[in-house]
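A.B. asks: With the input below, show me the fold.
(one chain, ligands or ions: 2)
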Amino acid sequence: MKKEQLAVYFIAGTPNCRTSIDETLQAAIHGGITMFQFREKGEGALTGETKKHQALRLQSMCKQAGIPFIVNDDIDLAIEIGADGVHIGQEDEPASVVRKKIKGGIVGVSVHTMDEFEKAIIDGADYVGTGPIYSTATKTDARPVAGTTLIAKMKEKYPHFPIVGIGGITIENAVDVMKAGADGVSVITAISHANKPDQAASKLKNVFSKTK
Ligand SMILES: C=C1C=NC(C(F)(F)F)=NC1=N
Ligand SMILES: [Mg+2]
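C.D. replies: Numbers count the residues shown, from 1 in each chain. Ligands and ions are numbered 1, 2, ... in the order given. The predicted structure follows:
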């Protein structure tokens, strides 16, 4: 995985989308997102075969666009459909175990402290997501708002390790996340609730290009 792939990292599940997630992802891809994570969670989230068939549709869209398709949490689904990788949190099995299961796939880990960050590196993670940078309504069990301080510290200590910021990031504040040293910004609502998801994605891409 190249750190440039983290530039505009769109994350969504059916509950996050106003219209169909297929249309939203298609528009986001058209707008220039660089990576997608299928995070099927919350009220009304799909399960079982329905979730798998939804994942397959989104996976083929990402394949056509040449961007990585990542599955959140559900490692078995990721392996079953041959996803490009998985994203796991501190409450999931450790990255060292997931690394073995997903072999060459991308393993992303959510971290909230320098200790969790260093453990993820040792465990073989390919990138970490840290946040919430700003307040978010999307993740109901989010940790306290961290701001950009930790990203700056992580980048200073490990300048070459891929780090993406997440949590309440918008077109307006993305520049500060990038300036703090993040290799990219990860968003749900900024794209999934946008009137024009393609325009939202391309504006985030422009922020990225201007600050790198
Ligand atoms: C809770 C999460 C934290 N970070 C990320 C990512 F942006 F991909 F790193 N994804 C998540 N689902
Ligand atoms: Mg999780």
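A.B. asks: CA atoms for contacts and neighbours, from now on please.
C.D. replies: Fine.
A.B. asks: so where do the helices sit in this protein?
C.D. replies: 21-31, 48-65, 75-81, 95-102, 114-122, 149-157, 174-179, 189-192, 197-211 (DSSP state H).
A.B. asks: and the second one with helix 21-31, angle?
C.D. replies: Right, helix 48-65. 20 degrees (axes from the mean of the first three to the mean of the last three C-alpha atoms, to 10 degrees).
A.B. asks: for the record, mean pLDDT for helix 48-65?
C.D. replies: Averaged across helix 48-65, pLDDT comes to 98.
A.B. asks: again, but for stretch 191-211
C.D. replies: 96.
A.B. asks: Give me the pLDDT for whatever residue of the chain ends up closest to ligand 1.
C.D. replies: Nearest to ligand 1, among the residues of the chain, is G129, at 3.1 Å (C-alpha to the nearest ligand atom). On pLDDT, G129 comes in at 98.
A.B. asks: ok, it - contacts?
C.D. replies: G108, V109, S110, V111, I163, V164, G165, I166 (C-alpha atoms under 8 Å, 6 or more residues apart in numbering).
A.B. asks: Weed out the non-buried ones from these.
C.D. replies: The neighbour count (16 or more other C-alpha atoms under 10 Å) marks G108, V109, S110, V111, I163, V164, G165, I166 as buried among the contacts of G129.
A.B. asks: Whatever residue of the chain ends up closest to ligand 2: how many residues sit nearby?
C.D. replies: The nearest approach of the chain to ligand 2 comes at G89, 4.1 Å away (C-alpha to the ion). Neighbours of G89 under the rule other C-alpha atoms under 10 Å: 17.
A.B. asks: just the one 5 residues further on next, same as before
C.D. replies: Residue crowding around P94 was assessed by other C-alpha under 10 Å; the count is 17.
A.B. asks: How much space separates P68 from V175?
C.D. replies: 23 Å (C-alpha to C-alpha, to the nearest Å).
A.B. asks: Apart from its neighbours in sequence, what residue is nearest I79?
C.D. replies: Take I79 and drop its neighbours on the chain: the residue closest to it by C-alpha to C-alpha, 6 or more residues apart in numbering is I102, 6.5 Å away.
A.B. asks: what about the one you found, distance to E156?
C.D. replies: Where E156 is concerned, I102 sits at a distance of 29 Å (C-alpha to C-alpha).
A.B. asks: More neighbours: the two, which one.
C.D. replies: Using other C-alpha under 10 Å as the criterion, I102 and E156 rank with I102 on top: 20 against 12.
A.B. asks: what's the nearest residue to G167 once chain neighbours are set aside sitting at in phi/psi?
C.D. replies: Spatially, and ignoring its direct neighbours in sequence, G167 is nearest to P132 (4.0 Å; C-alpha to C-alpha, 6+ apart). P132 adopts backbone torsions of phi -70, psi 130, taken as degrees, to the nearest 10.
A.B. asks: Any idea how many residues pack against P132?
C.D. replies: Neighbours of P132 under the rule other C-alpha under 10 Å: 21.
A.B. asks: Which pLDDT value goes with the closest residue in space to M114 that isn't next to it in sequence?
C.D. replies: Using C-alpha to C-alpha, 6+ apart and skipping the chain neighbours, the partner closest in space to M114 is M154 (6.8 Å). What the model reports as pLDDT for M154 is 98.
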